[in-house]
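1. quick check, what structure comes out for this input:
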Amino acid sequence: MRKAFFIAVIFLITTTVQAQSKSANSSTYKTALGVKVWDGGGISLKHFFNQRQAGELIAYFWSHGIRFTGLYEIHGDINGATGLKWYIGPGAHIGVYNDKYGDGGYIGIDGVIGLDYKFSGAPINISLDWQPSFEFGDGRGFTGSWGGLGIRYTF
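-> Model (predicted):
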């Protein structure tokens, strides 16, 4: 599992180095790299395709195994709250779990709903979201325990 973790970190760093920069004084950003924590932890890379649409890749690592998630997010401004946006969207994941939690690889579909805030004057972004998902396979199904608090450095 450590090998997969290091490969994911190298991929995310390489991808972000190539991203376009935005000013730290702005309340918007183009790309952000950081961590997502809840029940376990993950590496999160978020990239805006335009002002309203973004993609997020998350590699979760926790005691049950590893899970890679891709999300398509539609963002909207919240009037009177500069830098704060709501978002919602679909996604998918693939996971590999240890013996106690299913012993094998699984795929599933995800949804996401959350809030995203970019600090003006600092290259920091935070988000808080809920990612319900449905996983296909024996003993799998719906789970509402994914999501978390994201803290990222913006580019």
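
2. can you give me the helices in this structure?
-> Assigned by DSSP state H, the chain shows helices spanning 2-17.

3. how near is residue 28 to residue 53?
-> 13 Å (Cβ to Cβ, to the nearest Å). C-beta here means a position set from N, CA and C on the backbone, and glycine is covered the same way.

4. how about residue 124?
-> 22 Å.

5. for this protein, name the helix or strand with the lowest mean pLDDT.
-> The weakest-scoring helix or strand in the chain, judged by mean pLDDT, DSSP states H and E, is helix 2-17 (a mean of 51).

6. look at residue 120 and report its pLDDT.
-> Note for residue 120: predicted pLDDT of 91.

7. for it, grab the count of nearby residues.
-> By other Cβ atoms under 10 Å, 13 other residues sit near residue 120.

8. tell me if I'm right that it and residue 82 touch.
-> Yes - counting by Cβ atoms under 8 Å, residue 120 touches residue 82, with 6.7 Å between them.

9. okay, and the common contacts of these two?
-> Taking Cβ atoms under 8 Å, 6 or more residues apart in numbering as the criterion, residue 120 and residue 82 both touch residue 27.

10. pLDDT below threshold where in this structure?
-> The model of the chain has pLDDT under 70 over residues 1-26, 99-102.

11. quick one, strands of it?
-> Remark: strands assigned in the chain by DSSP state E are 31-38, 40-48, 53-62, 65-77, 84-97, 104-118, 124-136, 142-154.

12. redo the ones you listed as JSON lines? Include mean neighbour count.
-> Shown next, in JSON lines, are the strands of the chain (neighbours: other Cβ atoms under 10 Å):
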{"stretch": "strand 31-38", "mean neighbour count": "20"}
{"stretch": "strand 40-48", "mean neighbour count": "20"}
{"stretch": "strand 53-62", "mean neighbour count": "20"}
{"stretch": "strand 65-77", "mean neighbour count": "18"}
{"stretch": "strand 84-97", "mean neighbour count": "17"}
{"stretch": "strand 104-118", "mean neighbour count": "18"}
{"stretch": "strand 124-136", "mean neighbour count": "18"}
{"stretch": "strand 142-154", "mean neighbour count": "17"}
